[in-house]
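[1] could you work out the structure for the sequence below:
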Amino acid sequence: MILLILQSNYVRSWTMCKKFNILVVDDEIKNIQLGINILKKNSEYNLIFATNAAETFQRVLDYEFDLILLDIIMQPLDGFEVCKQLKANPTTKDIPIIFLTAKTDEESILKAFKLGGVDYITKPFNEKELEARVNTHIQLKALQDNLQEENEKKDKILLQQSKMNAIGEMIDYLADQWRQPLSIVSANASAIQIQMQLDNLTNEAILNYSNEIIQRTNRLSSVIDDFKEFFKPDTSKQFFDLSVTIEKTLNMLSGTFKFNDITVVFEPKSIAMHGYKCAVMYTMINLLSNALSALTKIEPSKRYIFIDLEHHDNNVCIVVKDSANGISQEITEHIFEQYFSTKNLYEGSGLGLFMTKEVVEKKLLGHIEFQNETYEFENKTLTGVKFTLTLPIDKK
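    A predicted model of the protein is given here:
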């Protein structure tokens, strides 16, 4: 009881700063006027009307509605068909619909609820009943919206936490990437100093040493550019080549792969995409990092990561497969769960694969699945986990 009171007070305080859009749909103007006259007493309601299906569909394009009061008997499309089309549209499917009608037979009432209606009010209206039912569903919608808003905030916090974990890993990878080039630069600089002291430094030697230093520093600069791109916020969609993006991701990890004797097999295929580039890089970083962690626990001669791109109509499949012996059944049941982790395979906070799934489904509008697979490569029998990402290409 206390919880309900707290929720009610919370919703009431939250709704005080908001106007609720209510669409009244009826082919009889007098019914619209009656309904509006009853509901306009509440200053929190912004009341809009439509007299047929066409006007209804136009209104939902022009406004974001919190509730629709929908008559059943209309022409040419009745309220049932209008409701069916609204529920089939992703942008309008969550708008609560209260049916208004003179039909009181059980079949019509059951059909209304089956199509997705949240309530059913018979004509002629009882003023108090209409006010109470509309208020109830407005409050429920407000609570639902607020919970959704809180969940979105929570998701953003989790994503940021996951990205901060990724930053820590990226710093380790960056150290691996820089270690060898810096050693070579230092060795070449030392060689120039020693040969100068011995008075046997030739112009040819200076040119060779300086070219090597320039080549290595250019490599360091390239790695920095790739890291900067990874950490850019994805505020809007952009056009990019999927293969190039994956190659940049691999470039960031190449030093770590080499240090751990991991062979990456990837044949680039140019695929133009329109979407969130950094989200794709983030997803690939998580999958590759998990594979890397698992592969370090097996013998070096069997450490492989395979990446393949498959183009199907308006979708692309990114297949990431390792050779780390797969995962057990008890782990597969929890692999995408928040905070789930096992040091036998996936080390870290337990957010990596959970947030990967969240990003793939909510940001990239795709889906991800996985399975264990045994396969042959270069006369070796290998077993590992295969992740398949299916993403829309969106060539707009």
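[2] ok, the closest residue to residue 137 other than its chain neighbours - how many residues close by?
    Spatially, and ignoring its direct neighbours in sequence, residue 137 is nearest to residue 96 (5.2 Å; Cβ to Cβ, 6 or more residues apart in numbering). The way it works is simple: take the backbone N, C-alpha and C, and place the C-beta from them, glycine included. Neighbour count of residue 96, defined by other Cβ atoms under 10 Å: 17.
[3] kindly report the same for residue 370.
    Count around residue 370 with other Cβ under 10 Å applied: 18.
[4] could you shift the numbering so residue one becomes 122, and keep it that way?
    Got it, first residue is 122 now, which makes that one residue 491.
[5] am I right that it is in a helix?
    No: if the criterion is DSSP: H, G, I helix; E, B strand; the rest coil, then residue 491 is strand and not within a helix.
[6] hmm, it is touching residue 481, no?
    No: look at residue 491 against residue 481 with Cβ atoms under 8 Å: they stay out of range, at 11.7 Å.
[7] in which helix or strand would I find residue 314?
    helix 248-318 (DSSP states H and E).
[8] swap in residue 190?
    strand 188-192.
[9] sheet partners, orientation included, of that strand?
    strand 141-146 (parallel), strand 218-222 (parallel) (DSSP bridges).
[10] against residue 302, how distant is residue 251?
    According to Cβ to Cβ, to the nearest Å, residue 251 and residue 302 sit 74 Å apart.
[11] make that residue 397, sorry
    Counting by Cβ to Cβ - residue 397 and residue 302 are separated by 31 Å.
[12] ok, residue 227 next?
    78 Å.
[13] report the rounded mean pLDDT for the strand holding residue 190.
    The average pLDDT within strand 188-192 is 94.
[14] residues in contact with the very next helix or strand once past it: which ones?
    Tracing the chain past strand 188-192, the next element assigned as helix or strand by DSSP H and E is helix 200-209. For helix 200-209, the external contacting residues (Cβ atoms under 8 Å, 6 or more residues apart in numbering) are 146, 174, 177-178, 181, 189, 191-195, 213-214, 216, 218, 220, 222, 232-233, 236-238.
[15] what segments of the chain are strands?
    Per DSSP state E, the chain carries strands over the ranges 141-146, 166-171, 188-192, 218-222, 240-243, 359-362, 384-387, 393-396, 425-433, 436-443, 488-498, 501-513.
[16] so which of those is the most packed in?
    The highest mean neighbour count among those, using mean count of other Cβ atoms under 10 Å, belongs to strand 188-192: a mean of 26.
[17] who touches that strand?
    So strand 188-192 is contacted by 141-149, 152, 156, 177, 200, 203-204, 207, 216-222, 238, 242, 255, 258-259, 262 (Cβ under 8 Å, 6+ apart).
[18] try 7 Å this time
    The contact list for strand 188-192, computed with Cβ atoms under 7 Å, 6 or more residues apart in numbering, reads 141, 143-148, 156, 200, 203-204, 216-222, 255, 258-259, 262.
[19] before we move on, what about stretch 167-175?
    With Cβ under 7 Å, 6+ apart, stretch 167-175 has contacts from 140-148, 153, 157, 160-161, 177, 180, 184, 195, 198, 203.
[20] run the chain-centre distance for that stretch.
    Computed by Cα atoms, centre = their mean, to the nearest Å, the chain-centroid distance of stretch 167-175 equals 34 Å.
[21] and if you look at stretch 364-380?
    With Cα atoms, centre = their mean, you get 23 Å for stretch 364-380.
[22] in that stretch, what's buried?
    Under the neighbour-count criterion of 16 or more other Cβ atoms under 10 Å, stretch 364-380 has 364, 366-367, 369-378 buried.
[23] what of stretch 196-205?
    Using 16+ other Cβ under 10 Å as the test for burial, stretch 196-205 gives 198, 199, 200, 201, 203, 204.
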